[in-house]
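*Asks:* what follows is a predicted structure for the sequence shown.
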Amino acid sequence: MSATRRRALVTGVTGQDGPYLSELLLGEGYEVHGMVMTGETVPVDVPAAVDLHTGSLSDGAALQAVLSAAHPDEVYNLAAFTSVAGSFEDALTVADVTGVGVLRLLEAIRHLDPATRLLQATSAEIFGGAPTSPQNEATPLCPVSPYGVAKAFAHQIVQVYRRSHGIFAATTILYNHESPRRGTAFVTRKISIAAARIARGLERELRLGNLDVERDWGYAPDYVTAMHLALQQETPDDYVVATGETHRLRELLEIAFSAVGLDWRQHVVADPGLLRPSEPNRLCGDASRARSRLGWAPTREFADIIREMVAADLDRIDQGAVPPVPAAARTPAPG
Amino acid sequence: MSRCALITGITGQDGGYLAEHLLSQGYEVHGLIRGQNNPRAAIVRQLVPEVHLIEGDLHDQSSLIGVLEATHPDEVYNLGAISFVALSFKQAINTGEITGLGVTRMLDSIRLVNPAIRFYQASSSEMFGKVRETPQNELTPFHPRSPYGVAKAYGHHITVNYRESYGLFAVSGILFNHESPRRGLEFVSRKITDGVARIKLGLDTQLRLGNLDAQRDWGFAGDYVRAMHLMLQQDEADDFVIATGESHSVRELLELAFGHVGLRWADHVVVDDRYLRPADVATLVGDAAKARRVLGWQPTVSFTELVTMMVEADLRAVSSARAARAAAS
């Protein structure tokens, strides 16, 4: 190992983005450390080269221990309680992990090594009720779920530490981003699994909440590239990362079911029981700053992302790894 | 049957004024008090003896549920917070836990115990921070610049969220600075009026301060607690800015306070960088037009009257303390 090899710590390494980011960083020659919770199952997607540490954003002492052990140049905070729907049932845990957890991380960085750079994965849910579309970095925060409120706390506290304590802390305001590794509780994956299972005769119907929901859906591997770029700049800043296009859930269903030669209308049942207590407005991101300053651009079309997800789930079924029927997913959550 | 209110932050400046106001309206008033043998309990008992103090902590959700079950309030006023901006930079996590998550704990407790309880959240003009427009109203975006401001913004958002998602009667009062003779000595207004009294009475010669150019909208706490109560008496829950609409610099406050006792502030004030905040908020001034229109609220004490009232009170306090010491020696 070279003395100048850069070190990165990825929290939330077991999520969708963690493995993609780890792969990118390993490819760039980083020594990669990942934080996992006690007893957490580590998916096979997490590269074996990642050095795992046990810790949690809800435990400041454990965070300090992980930072001391890994001594990273860059920390990517992807860990969060990410279920928007679930956040209505447990607002306090969400706030503790997703909100105050970031504050614990910033404090640990400030005291242990203030030169450590931090990337905070902010979610477009901070704009949930935004009256204007598309949103950019200057759009007022208007969260409409406990998850969005906690993410807004994290986003603003990062800005305070950047300004008041001189920490190199950047944020990427991430719109929905999907991939074959998307968690099964998210609506895109729920649909890709259902299309594959129905195509193979393992299932007949799919129950969904609001079919008119409109989102800006991008490709997860593109989004982790933006995170890495955000920490390679001269100064820290906030960057909206989005495609700038929105699509309706109906359109997603059309693409996913036609990919397996089916008509979604014959299989999808709208279930009002799956509606969220409050629903964000039209979320669409303007990534002009990321495009001009980071040279970032999305590489994959919406329809291609969905087809890739359906194909991956068909493969999994055909190889005997039948994806489980996910617990009721309600509506799509960014981040 | 008389109405019943629970006040968190009963030991603070506003807690006392609000308790007095609610008692005058015929309420049964309970005050949440934290810690073991909290020394400020005695102050509350002396000031408003009719208030029932009950132990509980915004850090501990079960304690809040217990308090709601024991007191059966119709209205909860959440004034409890780590409320000093400078301290919030040093104890940021604690500030997030109490000033921010404490709000969620109370809202969750209300949902569990009795969702008909009306809830008032003490939001703050510090949420505006680096202001996007002047004056600030209920629609002005937040850009907080301190851990305190961020935590208050969280409390504000989660209050709105619980109102919209669960139909709770939960309101947020966005209060600009409000002062009184009972303001804590750590706040600049009281630090100045106390300093003026001490200098006038020969106990001190100088006063060390931070940013003299900071502009604030300063009102009288006694006026502001009336607005809190009015917000919970409406047909619909909504958020209101409470402010005077005038802003004054620390320098103007010095001019008035020292001038009132015939001294020149420039002879006594020393600017000390240690009191500068890591990121100071420049100018805050509130537009309370909605509160005036909907609540029929308006301030009754002018800036000059407020400063004079505080200097007079501190002159009395400092001289009686001096007399007490002289008698003892």
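*Replies:* Received it, and whenever you're ready, just let me know what you need.

*Asks:* the residue in the stretch 101-250 of chain B positioned nearest to chain A: what secondary structure?
*Replies:* Nearest residue of the stretch 101-250 of chain B to chain A (CB to the nearest CB) works out as B:Pro141 at 3.1 Å. For every residue, glycine as well, the C-beta is placed using N, CA and C. Here B:Pro141 takes the coil state, with states given by DSSP: H, G, I helix; E, B strand; the rest coil.

*Asks:* now for it: which residues touch it?
*Replies:* Residues in contact with B:Pro141 (CB atoms under 8 Å, 6 or more residues apart in numbering or on different chains) are A:140-141, B:132.

*Asks:* how about the residues of chain A that lie near chain B?
*Replies:* Residues of chain A lying close to chain B (CB under 8 Å from any CB of the partner chain) are A:60, A:88, A:91-92, A:95-96, A:99-100, A:103-104, A:106-107, A:140-141, A:143-146, A:148-150, A:152-153, A:156-157, A:160, A:163-165, A:277-278.

*Asks:* so A:His155 touches A:Glu125, yeah?
*Replies:* No - when contacts are counted by CB atoms under 8 Å, A:His155 is not listed as touching A:Glu125 (10.3 Å).

*Asks:* between these two, which one's more packed in?
*Replies:* Taking other CB atoms under 10 Å in any protein chain shown, A:His155 and A:Glu125 do not tie; A:Glu125 has more neighbours (29 against 22).

*Asks:* so B:Leu32 touches B:Asn78, yeah?
*Replies:* No - using CB under 8 Å, B:Leu32 is not in contact with B:Asn78, being 9.2 Å away.

*Asks:* need the overlap of contacts for the two.
*Replies:* What both B:Leu32 and B:Asn78 touch, as defined by CB under 8 Å, 6+ apart, is the set B:8-9.

*Asks:* I'd like the next helix or strand past the helix or strand bottoming out on mean pLDDT in chain A.
*Replies:* Lowest on mean pLDDT, DSSP states H and E among the helices and strands of chain A sits helix A:84-87, with a mean of 76. Going down the chain from helix A:84-87, the next helix or strand is helix A:91-94, by DSSP states H and E.

*Asks:* just the CA atoms of that following helix, as CSV, please.
*Replies:* Taking C-alpha atoms only, helix A:91-94 is exported to CSV below (Å, rounded to 0.1, in the frame of the first residue of the first chain):
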residue,chain,number,x,y,z
ALA,A,91,-40.3,10.2,13.1
LEU,A,92,-38.0,10.3,16.1
THR,A,93,-35.7,7.5,15.0
VAL,A,94,-35.5,9.1,11.6
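
*Asks:* for chain B, see how far away A:Ser192 is.
*Replies:* Distance of A:Ser192 to chain B, computed by CB to the nearest CB, to the nearest Å: 29 Å.

*Asks:* pull the contacting residues for that residue.
*Replies:* A:180, A:182, A:256, A:306, A:309-310, A:312-313.

*Asks:* same deal with A:Gly34?
*Replies:* A:9-11, A:13-14, A:18, A:22, A:46, A:50-53.

*Asks:* out of the residues you listed, which comes closest to chain B?
*Replies:* Closest to chain B, out of all of these and judged by CB to the nearest CB, is A:Thr11, at 16.9 Å.

*Asks:* buried sites along the helix or strand containing A:Leu103?
*Replies:* Using DSSP H and E, the element containing A:Leu103 is helix A:101-112. By neighbour count on 16 or more other CB atoms under 10 Å in any protein chain shown, the buried set for helix A:101-112 is A:101-110.

*Asks:* got it, and stretch B:302-315?
*Replies:* B:303, B:306-311, B:313-315.

*Asks:* do the same with stretch B:167-185
*Replies:* For stretch B:167-185, by 16+ other CB under 10 Å, it's B:168-183.

*Asks:* repeat for stretch A:50-62
*Replies:* A:50, A:52-53, A:55-60, A:62.

*Asks:* narrow these to those in helices?
*Replies:* Using DSSP state H, the members of the buried residues of stretch A:50-62 that fall in helices are A:60, A:62.

*Asks:* from the buried residues of stretch A:50-62, which two are the most distant?
*Replies:* For the buried residues of stretch A:50-62, the farthest-apart pair by CB to CB is A:Val50 and A:Gly60; their separation is 23.2 Å.

*Asks:* spell out which parts of chain B neighbour chain A.
*Replies:* Counting by CB under 8 Å from any CB, chain B comes close to chain A at B:61, B:89, B:92-93, B:96-97, B:100-101, B:104-105, B:107-108, B:132, B:141-147, B:149-151, B:153-154, B:157-158, B:161, B:164-166, B:277-279.

*Asks:* helices of the stretch 201-335 of chain A, residue ranges please.
*Replies:* A:220-230, A:249-259, A:288-294, A:302-318 (DSSP state H, counting those that start in this stretch).

*Asks:* what sits up against the shortest one?
*Replies:* Going back to what we said before, that points to helix A:288-294. By CB under 8 Å, 6+ apart, helix A:288-294 touches A:136-137, A:172, A:226, A:229-230, A:233, A:237, A:239-241, A:296-297.

*Asks:* and what of the longest one?
*Replies:* If you take CB under 8 Å, 6+ apart as the criterion, helix A:302-318 is touched by A:178-180, A:182, A:188-189, A:191-193, A:195-197, A:199-200, A:202, A:217-219, A:243, A:245, A:247, A:252, A:255-256, A:259-260, A:300, A:322-323.

*Asks:* and if we set it to 7 Å?
*Replies:* Helix A:302-318 is touched from outside by A:178-180, A:188-189, A:192-193, A:195-197, A:199-200, A:217, A:219, A:245, A:247, A:252, A:255-256, A:259-260, A:323, with contacts defined as CB atoms under 7 Å, 6 or more residues apart in numbering or on different chains.

*Asks:* between the buried residues of helix A:101-112, which is nearest B:Pro299?
*Replies:* Each of these was scored against B:Pro299 by CB to CB, and A:Leu103 proved nearest at 35.4 Å.

*Asks:* how many neighbours does B:Ile98 have?
*Replies:* So B:Ile98, with other CB under 10 Å, has 22 neighbours.

*Asks:* is it true that it touches B:Ile82?
*Replies:* Yes - with contact defined as CB atoms under 7 Å, B:Ile98 reaches B:Ile82; the gap is 5.2 Å.

*Asks:* before we move on, back to that, from the contacts of A:Ser192, which is closest to chain B?
*Replies:* Nearest member of the contacts of A:Ser192 to chain B, counting by CB to the nearest CB, is A:Arg182, at 25.6 Å.

*Asks:* show me what contacts that closest one?
*Replies:* Contacts of A:Arg182 by CB under 7 Å, 6+ apart are A:16, A:188-189.

*Asks:* which of the residues you listed fall in helices?
*Replies:* Those of the contacts of A:Arg182 lying in helices (DSSP H): A:188-189.
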